[in-house]
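Enquirer: sequence and predicted structure below; questions after.
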Amino acid sequence: MLFARLCLIIGTVCIGFSAIFVRLAAVPGVVSAFYRVLIASVALLPLWLVQNREFPDRRTLLLSSLAGVFFGLDIALWNVSLFLTNAASATVLAYLAPVWVGLGAITILKDRLRKFYWPGTIVALIGMVLILGLGKMRTMQFGLGNTLAIIASFFYAAYLLVAQVAREKSGTLSFTTFSVLSSTATLFVICLLRHERLTGFSYESWAALLALGLITHVVGWLSINYALGHIRASIASVTLLGQPIITALAAIPILGEPLGINQIAGGVLVLTAIYLVNKT
């Protein structure tokens, strides 16, 4: 269990750099999402083949593929929402996922949530608002962008819940490989429907996309998916709210964005909430 928690922390750190890499890539959000999972697929598939693993049974393959579709839709909808509303609103709404995970865990998986799960989730969301900007949240207007961000949070929650079930009978590498292949197919179709340009980027953009695929997705989600085989999705969903803290810290040296008092206070609240949910 200790190793699983360590993997969850490592995964949270890795995906915390995703926003940094996306900004450095300077390509449309859906395109960066597509290359993120495509690069991960190219890296993971040979590893799975070398392992000589047996092909997953039909149920496990279906769950892995379904999880991949959910993940692809989550990224696509959230990236589109960023262009229709302010980034702070889109991010906070997308991180409503622990609410849906908690409800799904109770009603669908029949899990028993820990005592401080709901208080911890509320405290974490308050911390998120502080990190991302209280002023921006005050001006939030409910529109298409915010609606898409909320729908994205449903798909993110669905991914975590399906991953928990799939990991009961599937190894980390097998689940991650087949889910990421499914995500790649999903995002490729979305890129075609949106008539996105998929070539002609600078070397700097390709380097950022490579880091996004290898660091954020391969290392990050292999670690998280391993943890989901040992830690309930409800606990993982709150722990993953530590991602904006990593992003804010990484932005100091990489993007030259200093931390404000609200971001520090919000980070303390999020870390407190993560501790409470994991401890009790």
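Expert: Nice, thanks for sending it over. Residues are numbered from 1 along each chain as shown.
Enquirer: from residue 30, how far out is residue 189?
Expert: As judged by C-beta to C-beta, to the nearest Å, residue 189 and residue 30 stand 11 Å apart. The way it works is simple: take the backbone N, C-alpha and C, and place the C-beta from them, glycine included.
Enquirer: ok, those two, which is more surrounded?
Expert: The residue with more neighbours, out of residue 189 and residue 30, is residue 30; 22 against 13, by other C-beta atoms under 10 Å.
Enquirer: how about residue 59, phi and psi?
Expert: For residue 59, the backbone dihedrals (degrees, to the nearest 10) come out as phi -60, psi -50.
Enquirer: in the stretch 1-150 of the chain, where is pLDDT below threshold?
Expert: 52-54, 85-91, 132-142 (pLDDT under 70).
Enquirer: please repeat the previous calculation with a cut-off of 50.
Expert: Along the stretch 1-150 of the chain, no part satisfies pLDDT under 50.
Enquirer: and the helices in it?
Expert: 2-16, 18-25, 29-50, 58-81, 87-94, 97-107, 117-132, 134-138, 144-166 (DSSP state H, counting those that start in this stretch).
Enquirer: what's near enough to touch the residue lying closest to residue 12 once chain neighbours are set aside?
Expert: Spatial nearest neighbour of residue 12, excluding adjacent residues (C-beta to C-beta, 6 or more residues apart in numbering): residue 242 at 4.9 Å. Contacts for residue 242 were tallied using C-beta atoms under 8 Å, 6 or more residues apart in numbering; they are 9, 12, 16, 270, 271, 274.
Enquirer: same thing but at 10 Å, please
Expert: 8-9, 12-13, 15-16, 124, 127, 267, 270-271, 273-274 (C-beta atoms under 10 Å, 6 or more residues apart in numbering).
Enquirer: hmm, back to that, any shared contact partners between residue 189 and residue 30?
Expert: Any residue near both residue 189 and residue 30 by C-beta under 10 Å, 6+ apart counts here, and that gives 72, 76.
Enquirer: nearest to residue 181, of the helices of the stretch 1-150 of the chain?
Expert: Residue 181 sits nearest to helix 29-50 of all the helices of the stretch 1-150 of the chain, at 5.4 Å, using C-beta to C-beta.
Enquirer: buried set for that closest one?
Expert: Buried residues in helix 29-50, counting neighbours by 16 or more other C-beta atoms under 10 Å, are found at 29-41, 43-44, 48.
Enquirer: including distance to residue 75, could the contacts of residue 242 go into a markdown table?
Expert: Compiled in a markdown table, these are given as follows (distance: C-beta to C-beta, whole Å):
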| residue | distance to residue 75 |
| --- | --- |
| 8 | 20 |
| 9 | 22 |
| 12 | 17 |
| 13 | 19 |
| 15 | 11 |
| 16 | 15 |
| 124 | 21 |
| 127 | 23 |
| 267 | 24 |
| 270 | 22 |
| 271 | 25 |
| 273 | 24 |
| 274 | 23 |
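Enquirer: what does the model give the residue nearest to residue 12 for pLDDT?
Expert: Per-residue confidence for residue 242 comes out at a pLDDT of 82.
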